[in-house]
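Student: Pasting the sequence and the predicted model now:
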Amino acid sequence: MTPVIFKDQDAQFREWVRLHPEGLVVNLPNLMLHQTNCSHISDLMTKAPKACAEGPSAASDLRAWAWRSRHQKLLICEDCQA
C-alpha cells in the first residue's frame, strides 16, 4: 500500500490524524515512525512532509515504502514505540 503524503497541508494532515487514531506517521526528514497519538507529532506542521498509513499492515507498508523510495530504514520513536 502506498502511504498518504502530506506536504504544506496542515489542516488535511491534522484531520487525517484525527480520523485515524490507530494510524502511523513517518516524519520524512528523519524517517522517524510515530503513532498518531504521539506527542512528537501532535503539533507538527507539514512543511516537512509526512507519510501516513493505517491498518494491520501499516508499519510494514511504511517500512517497505521507506526502503523503496529512500533506500533507508525507518527509525522508531523512543516515546511511542511505533
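Tutor: Noted; the coordinates are in hand. Because the structure is predicted, anything quoted here is derived from the model rather than measured.
Student: Farthest from the middle of this structure: give me that residue.
Tutor: Going by CA atoms, centre = their mean, the residue of the chain most distant from its centre is H71, 16.7 Å out.
Student: Per-residue pLDDT of that one, please?
Tutor: pLDDT, H71: 93.
Student: Repeat that for L44.
Tutor: 66.
Student: I5 in helix, strand or coil?
Tutor: strand (DSSP: H, G, I helix; E, B strand; the rest coil).
Student: tell me the contacts of it?
Tutor: When contacts are counted by CB atoms under 8 Å, 6 or more residues apart in numbering, I5 is found next to P49, K50, A51, C52. C-beta here means a position set from N, CA and C on the backbone, and glycine is covered the same way.
Student: again with V4
Tutor: Going by CB under 8 Å, 6+ apart, V4 touches W16, A51, C52, A53.
Student: The same query, at a cut-off of 7 Å, please.
Tutor: Going by CB atoms under 7 Å, 6 or more residues apart in numbering, V4 touches W16, C52.
Student: Quick check: H20 vs C52, distance?
Tutor: Computed with CB to CB, to the nearest Å, the distance linking H20 and C52 is 7 Å.
Student: of those two, who's got more company?
Tutor: C52 (21 against 17; other CB atoms under 10 Å).
Student: I'm done for today, thanks for sticking with me.
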